[in-house]
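**Q** Have a look at this fold, sequence not included:
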């Protein structure tokens, strides 16, 4: 079983749609959680950290359920510029990345 | 802040040749990580250093791979001899504190072994 599992997608949505990504992790001792964004042929970049109480950054909302070992990312009012691969990241002693979920937002 | 700097950006080499990838972490960061990304396997952690000391190299695929960090501002990942299956994008990342902060990645080195 992979340490971090994500639905690979692809998700193809129209502009303005709301889209949700899910992620599960296997290491219950994991301490920190993140969502990264990776554009085609670019390096991963930190999108947001994920806190136990849930957190929001503009159109992006992240949730963590430690009991179920589950992380989610919600994107509201999606824009063309949101098209990218979204990586779920779990940190214990080091960071482990999910395979990523590809999102394409279409006009 | 110049960010994490990797060189070269692209490398094409013949099978059997030695390849050296270079990384300069962000000044003041005390953790440095080497990742490899392929379509099949995604992002894999190869090795990481804390204060220039290798902490975990369990992700290094085999003895052909070696990594060094002679000082706080420089690290190398070497493949000798290289094989076509080593073709991938190699990312270096650095971090100040490992527990609560994400990592900052360099732009990567795209390696092609023919």
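**A** Structure's in. What do you need? As the structure is a computational prediction, the values presented were derived from the model and not from experiment. Numbers count the residues shown, from 1 in each chain, chains lettered A, B, ... in the order given.
**Q** got a list of what the closest residue to residue B:112 other than its chain neighbours touches?
**A** Leaving aside its chain neighbours, residue B:112 sits nearest to residue B:12 (4.7 Å; criterion: CB to CB, 6 or more residues apart in numbering or on different chains). For every residue, glycine as well, the C-beta is placed using N, CA and C. Contact partners of residue B:12, counting by CB atoms under 8 Å, 6 or more residues apart in numbering or on different chains, are B:111, B:112, B:113, B:114.
**Q** could you list every residue that touches the second one?
**A** Going by CB under 8 Å, 6+ apart, residue B:112 touches B:10, B:11, B:12, B:13, B:87.
**Q** now swap in the last one and tell me
**A** The contact partners of residue B:114, by CB under 8 Å, 6+ apart, come to B:12, B:13, B:14, B:15, B:84.
**Q** Double-check residue A:49 against residue A:32; I have them as touching.
**A** Yes. Residue A:49 is in contact with residue A:32 according to CB atoms under 8 Å; the separation is 7.1 Å.
**Q** any idea which residue sits dead centre in chain B?
**A** For chain B, residue B:34 is the residue whose C-alpha lies nearest the centre (CA atoms, centre = their mean; 3.2 Å).
**Q** Skip ahead from the helix or strand hosting it and say which helix or strand is next.
**A** Here residue B:34 is covered by strand B:31-38, with elements defined by DSSP states H and E. Going down the chain from strand B:31-38, the next helix or strand is strand B:42-50, by DSSP H and E.
**Q** List buried members of the contacts of residue B:114 by neighbour count.
**A** residue B:13 (16 or more other CB atoms under 10 Å in any protein chain shown).
**Q** Let's have the contacts of residue B:114 in JSON lines, adding pLDDT.
**A** Listed next are the contacts of residue B:114 as JSON lines, based on pLDDT from 0 to 100:
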{"residue": "B:12", "pLDDT": "98"}
{"residue": "B:13", "pLDDT": "97"}
{"residue": "B:14", "pLDDT": "97"}
{"residue": "B:15", "pLDDT": "97"}
{"residue": "B:84", "pLDDT": "97"}
